[in-house]
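Novice: Structure, please.
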Amino acid sequence: MLNQSKSKVPAYHLRIPGRTLALLSGEVAIGLLFAITAAPLHGPVPFITVVTLTILFAVETVDLASLHRAVQLHRHAVLTLPPTFRATCPRCRYDRSQGANVHHCSRYGVCFPSFDHYCLIFDAPIFSSNVAAFIRFHAWISALSAVMVTGCLLSLPSCPTSRQFILFTLALAHSCVFIAMGGLAVKYIIAARQGRTMWGTGADAGGPPV
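Specialist: The predicted structure is shown next:
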């Protein structure tokens, strides 16, 4: 782990890639669709569902920022290494002997330890310092989908027939999202416990080249 001097780290500005923005915008749009559809219904279910979705969305966004912040901190630490630092990477000043599965990311111009893969959705490398935030992001989406499915199903009996199709469609779609995102989160946790990456079979297996 490289030493990172907080006084020298530049101010952080969250840069949201287009694919990530589309994902977040889709979540907001679906949440608003549910709120509009279930608004006329009586009872606490619609209100509790919307509040829970808002909280999960906020926490999810915080983890997204944490994921990108870890990349920025690591890149800054590598680029500001002293000239006398023993570097073993021919393309940057990183000492590749510091950890297993070190991979040079051509997009960011530095090596990343415990590199897993380059996420096209987040436009960021997933490595030792942000893999936890990456897993939590999947877990939050899975939880958000579970809340949406529960809210839709509980609202169906008291919903007018004309709106039941919307709630049923939302429940069905989010059931698939819950299975997919939850499965990925569990798979990542199992892989981490076994000391391997998602894109390899061992600790030294590299991810796809960037």
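Novice: Do a quick rundown of the helices in this protein.
Specialist: Secondary structure of the chain (DSSP state H): helices located at 18-38, 45-79, 131-155, 161-193.
Novice: would you list the ones you listed in CSV and tack on mean pLDDT, mean neighbour count and distance to Asp116?
Specialist: Backbone N, C-alpha and C define where each C-beta goes, glycine included. Converted to CSV, the helices of the chain look like this (pLDDT from 0 to 100; neighbours: other CB atoms under 10 Å; distance: least, CB to CB, whole Å):
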stretch, mean pLDDT, mean neighbour count, distance to Asp116
helix 18-38, 83, 15, 18
helix 45-79, 87, 18, 12
helix 131-155, 87, 21, 6
helix 161-193, 82, 15, 8
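Novice: Let me know which of those is the nearest to Gly109.
Specialist: Closest to Gly109 of those is helix 45-79 (CB to CB; 7.5 Å).
Novice: Give the other helices and strands that the closest one contacts.
Specialist: helix 18-38, strand 110-112, strand 124-126, helix 131-155 (3 or more CB pairs under 8 Å, 6 or more residues apart in numbering; DSSP states H and E).
Novice: State the mean pLDDT of the third one.
Specialist: So the one you mean is strand 124-126. The average pLDDT for strand 124-126 rounds to 89.
Novice: in its sheet, what does it sit against?
Specialist: strand 117-119 (antiparallel) (DSSP bridges).
Novice: quick one: the partner strand to chain centroid distance?
Specialist: Taking CA atoms, centre = their mean, to the nearest Å, one finds the center of strand 117-119 at 11 Å from the center of the full chain.
Novice: And stretch 97-109, by the same measure?
Specialist: Centroid separation for stretch 97-109 versus its chain: 20 Å, with CA atoms, centre = their mean.
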